[in-house]
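[1] Let's see this in three dimensions:
(chains A and B)
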Amino acid sequence: MNWFDKLLDWFSGFTDQWEKHAVKFTLYTTIAILAGGLFELVPPFFLTKTAEPIQNVKPYNALELAGRDVYQKEGCNNCHTQMIRPFKWEVDRFDPGHSYGKDGYSKAGEYVYDHPFLWGSKRTGPDLAHESQIQPSAEWHKTHLINPRDTAKGSIMPAYPWLFEESSIIDASKIADHMRGLRKVGVPYTEEDIASANTLLAGKTAGDALIAYLLKLGRDTAELSKSLQ
Amino acid sequence: MSSSEQKYNDTIVKGFLISGLVWGVASMLVGVWIAFQMVYPELNFGPYFTFGRLRPLHTNAAIFGFALSIIFATAYHTVQRLCRVKIWSDKLSYLHLFLYNLTIAAAAITLPLGLSQSKEYAELEWPLDLMIVIWFVIFLINYFATIFTREEKQLYSAIWFYIASWVTIPILFIVNNLSIPVSWFKSYSVYSGVYDANIQWWYGHNAVAFVLTTPFLGLMYYYLPKHIKQPIYSHRLSIIHFWSLIFLYIWAGPHHLLYSPLPDWLQTTGMVFSIMLWMPSWGGMLNGFLTLTQAKQKIKTDATLKMLLVGLTFYGMSTFEGPLLSIRAVSGLGHNTDWIIGHVHGGTLGWVGMMSFAVIYYLVPRLWNTNLFSEKLANTHFWVATLGILLYIVSMWVSGISEGSMWRAIDETGALKFPNWVQITETLKPYRLFRGIGGGLYLIGLLIMIYNVVRTILNAGSGFKEIDLRIGSKEEKVV
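    Predicted structure coming up:
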């Protein structure tokens, strides 16, 4: 392995020098770790194909957004994914009604208003990306959230009865602030959208909001898909 | 007071070692608890102690409480010795210790309250993120100032790995945590959807690289040769594996997003670099192993050495499993399943945990100037922990592969064989129960060590004598 030794001699020739100069060493280390980072993080923002917007996808309304906050707060993403991979068995399981035609897997355009993304990394419970098409009943969701064992015997999901208690009624002005914040990062909320928080959230509990969010998941793209079929 | 105590500041090392033990117990206790929640949902005590809120507490306490404490303890200990100078500022180091523990304590309160950005390993809300930046900058100033005032010209390889970590961690942390605050306890990521996912997993994977790997390689390069009193096997191997490791690791993030809507070219880049990463990882492992073989006759008696050996073995195993799982076809089966949980814990319990324990057994007697209270208990700790890890990983392998296979099983008519999700959950229950037991054993091992450490500290100042355990304490040899 003579060539390899030569390569090593050549390489260690200058690394030996760096090892005596802390500034140089730190600088070259930084360059080494920045190369890959820049290559992977920067170009996606400039390539139009990274996330082609799907025209029908609309931002979450005040109630759905409040529900998304609850979803994040309770850490639902620790057990539920929101990303369906392009496998027959995955599409069949999470698009049983074929709402999306042949394409019941997730597309980048579905997530353009998601700050942050909630794809999750562990699927202890089922995927929820298209939950509105799998379980459209709000009543079912309420029963399920209050005690998951009532709708699915053997489920290991925690029970969330407090989400529906009086103390969980949502403060509309807070959600309006959240919408203003999201507008700063690019979600196209209008003044009307923000003003509607008061009416949409009147008397609503965290549980009601969470159900509204679950029934929004996958709804816009399913509607588009149905109109095309 | 020995001369080393006058020359170096060891109080800061002691402080971080004790934080490590405290947060170690906290993280593992929560870990065992949530493991049993996966079998017995009654263990979810709402609203503050449900799985969804405790899981981030477990991961944050383990990575940023336990592992980072050990990293800072060893960083302060090694940098003074390798540079042959005292830490640049004692005051800054104590401020670092104080603010660091304050942040982790605040994390332990805010996460059960549900204040979470919900990005994995970056759940802490923005005020805590700012606190982290502050103490990290304080630490960086102190660390680099120590290096610049050093009396030893050559930077030894252990220091390279620490420097690479200090350079990378802030970049990862800041870029991924950029968000718009909407109140004191709530913020939204500035990135959306697929962009957010890409940046999150660039961060997530490199937290594994630059928090859980490079600092631990750094401490291996220092403590392993020190402990066996033999030089590292190959300096050249350390050069080549260091530079290739840090260059390649940063590209591997997208392997968490295979088959997702992330652009294909990015997914493929992530996969290819993950596979290439196998070589520098094993370069580090081999350098450790070959160094260790120089003292192989001590393996039977020396619990610290056994822990280093098992740590290295699990490093090798996890860094083989990682590239394997990053191959698209394997990811298709393993992604989102318990297999990944097993893989992560092979690295954390096996590599990070065992290396940390070895370092604690090495440092505590020396820092408190006495001998370890019981070598026998250290040995018991080793066996209980090893058994715990094996039980954990094997049950998660079986569980994960069963899970993935049941999801994809299709009958002759083309329909799903297991359309009922709960049926799959029920099948996995026994394996998840064994996982909880494995984790419990590992926790018991840690408690044994803490008892041993406390008894050792109570005996502080009695004088440290190095004993060659092969000979026994009768013919002890003073070094």
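[2] can we go C-alpha only for contacts and neighbour counts from here?
    Will do.
[3] mind listing what's buried in the longest helix belonging to chain A?
    Determined from DSSP state H, the single longest helix within chain A is helix A:22-41. Across helix A:22-41, burial judged by 16 or more other Cα atoms under 10 Å in any protein chain shown covers A:22, A:25, A:26, A:29, A:30, A:32, A:33, A:34, A:36, A:37, A:40, A:41.
[4] likewise stretch B:142-161?
    B:142-144, B:146-147, B:150, B:154-161.
[5] Of those, which ones also sit close to chain A?
    Among the buried residues of stretch B:142-161, proximity to chain A is found for B:147, B:154, B:155, B:156 (Cα under 8 Å from any Cα of the partner chain).
[6] Need the three-state assignment for the second one.
    By that I understand residue B:154. coil (DSSP: H, G, I helix; E, B strand; the rest coil).
[7] Tell me the pLDDT of residue 106.
    I'll assume chain A. pLDDT recorded at residue A:106 is 95.
[8] Switch to chain B, please.
    For residue B:106, the predicted pLDDT is 97.
[9] Same check on residue B:249?
    Looking at residue B:249, its pLDDT reads 95.
[10] Check whether stretch B:342-359 comes near chain A.
    No. If you take Cα under 8 Å from any Cα as the test, stretch B:342-359 misses chain A, and the best it gets is 12.0 Å.
[11] Quick one: distance of that stretch to the chain centre.
    Counting by Cα atoms, centre = their mean, to the nearest Å, stretch B:342-359 is centred 6 Å from the centre of its parent chain.
[12] Just the endpoints, please. Distance across that stretch?
    In stretch B:342-359, first residue to last residue: 24 Å (Cα to Cα, to the nearest Å).
[13] Which residues are in contact with residue 68?
    Looking at chain A here, since you left the chain open. A:209, A:210, A:213 (Cα atoms under 8 Å, 6 or more residues apart in numbering or on different chains).
[14] Chain B is the one I meant
    Here residue B:68 is in contact with B:20, B:211 (Cα under 8 Å, 6+ apart).
[15] Could you say which helix or strand holds it?
    Element membership of residue B:68, judged by DSSP states H and E, is helix B:68-83.
[16] For that helix, the averaged confidence score.
    pLDDT averaged over helix B:68-83 gives 97.
[17] for stretch A:211-228, same thing?
    On average, stretch A:211-228 scores 93.
[18] got the buried residues for it?
    Quick answer for stretch A:211-228 (16+ other Cα under 10 Å): A:211-222, A:224-225.
[19] Helix, strand, or coil at the residue most central in space within chain A?
    Centroid-nearest residue in chain A, with Cα atoms, centre = their mean: residue A:118, separated by 2.3 Å. Recorded secondary structure, residue A:118: coil (three-state DSSP).
[20] Now do it against residue B:435, distance only.
    26 Å.
[21] Just list what the helix or strand immediately after the helix holding residue B:68 in the chain packs against, helices and strands only.
    Following helix B:68-83 in sequence order, the next helix or strand is helix B:90-110 (DSSP H and E). Where contact means 3 or more Cα pairs under 8 Å, 6 or more residues apart in numbering or on different chains; DSSP states H and E, helix B:90-110 is packed against helix B:11-37, helix B:51-60, helix B:126-148.
[22] In which helix or strand does residue B:224 reside?
    helix B:214-228.
[23] who are the neighbours of the following helix or strand past that helix, in terms of helices and strands?
    Per DSSP H and E, the first helix or strand lying C-terminal to helix B:214-228 is helix B:235-249. Packing partners of helix B:235-249 (3+ Cα pairs under 8 Å, 6+ apart): helix A:2-18, helix A:22-41, helix B:157-177, helix B:264-293.
[24] and the gap between the residue in the stretch 51-200 of chain B that chain A sits nearest to and residue A:112?
    Per Cα to the nearest Cα, residue B:52 is where the stretch 51-200 of chain B lies closest to chain A, at 4.2 Å. Distance of residue B:52 to residue A:112, given as Cα to Cα: 25 Å.
[25] just to revisit the earlier point, where is pLDDT lowest across the buried residues of stretch B:142-161?
    In terms of pLDDT, residue B:154 ranks lowest among those, with 90.
[26] which residues touch that one?
    Contacts of residue B:154 (Cα under 8 Å, 6+ apart): A:19, A:20.
[27] any idea how far it lies from residue B:368?
    For residue B:154, the distance to residue B:368 - Cα to Cα - is 29 Å.
[28] which stretches of chain A have low pLDDT?
    Within chain A, the ranges that satisfy pLDDT under 70 run A:1.
[29] Helices of that one, residue ranges please.
    Counting by DSSP H, the helices of chain A are A:2-18, A:22-41, A:43-46, A:62-73, A:88-94, A:131-134, A:138-146, A:148-151, A:172-184, A:191-195, A:197-201, A:206-214, A:219-228.
[30] Can you add distance to residue B:41 and give those back as JSON lines?
    Shown next, in JSON lines, are these (distance: least, Cα to Cα, whole Å):
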{"stretch": "helix A:2-18", "distance to residue B:41": "55"}
{"stretch": "helix A:22-41", "distance to residue B:41": "40"}
{"stretch": "helix A:43-46", "distance to residue B:41": "41"}
{"stretch": "helix A:62-73", "distance to residue B:41": "19"}
{"stretch": "helix A:88-94", "distance to residue B:41": "24"}
{"stretch": "helix A:131-134", "distance to residue B:41": "23"}
{"stretch": "helix A:138-146", "distance to residue B:41": "13"}
{"stretch": "helix A:148-151", "distance to residue B:41": "10"}
{"stretch": "helix A:172-184", "distance to residue B:41": "31"}
{"stretch": "helix A:191-195", "distance to residue B:41": "38"}
{"stretch": "helix A:197-201", "distance to residue B:41": "31"}
{"stretch": "helix A:206-214", "distance to residue B:41": "20"}
{"stretch": "helix A:219-228", "distance to residue B:41": "30"}
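[31] can you list the domain ranges for chain A.
    Using the TED database, the domain parsing of chain A gives A:3-50, A:62-228.
[32] which of these sits most buried?
    Mean neighbour count (mean count of other Cα atoms under 10 Å in any protein chain shown) peaks for domain A:62-228 among those, with a mean of 20.
[33] Just give me the neighbour total for the nearest residue to residue B:315 once chain neighbours are set aside.
    In space, and not counting its chain neighbours, residue B:315 is closest to residue B:351: 5.2 Å by Cα to Cα, 6 or more residues apart in numbering or on different chains. Using other Cα atoms under 10 Å in any protein chain shown, residue B:351 has 27 other residues around it.
[34] wait, residue B:351 sits on residue B:317?
    No. Using Cα atoms under 8 Å, residue B:351 makes no contact with residue B:317, being 9.5 Å away.
[35] In contact with the closest residue to residue B:88 other than its chain neighbours, which residues?
    Leaving aside its sequence neighbours, residue B:88 sits nearest to residue B:146 (Cα to Cα, 6+ apart; 4.8 Å). By Cα under 8 Å, 6+ apart, the residues touching residue B:146 are B:79, B:80, B:83, B:85, B:86, B:87, B:88.
[36] For the nearest residue to the fourth one once chain neighbours are set aside, give me its contacts.
    Put plainly, it is residue B:85. Once flanking residues are discounted, residue B:85 sits nearest to residue B:150: 5.8 Å by Cα to Cα, 6+ apart. With contact set as Cα under 8 Å, 6+ apart, residue B:150 has these partners: B:83, B:84, B:85.
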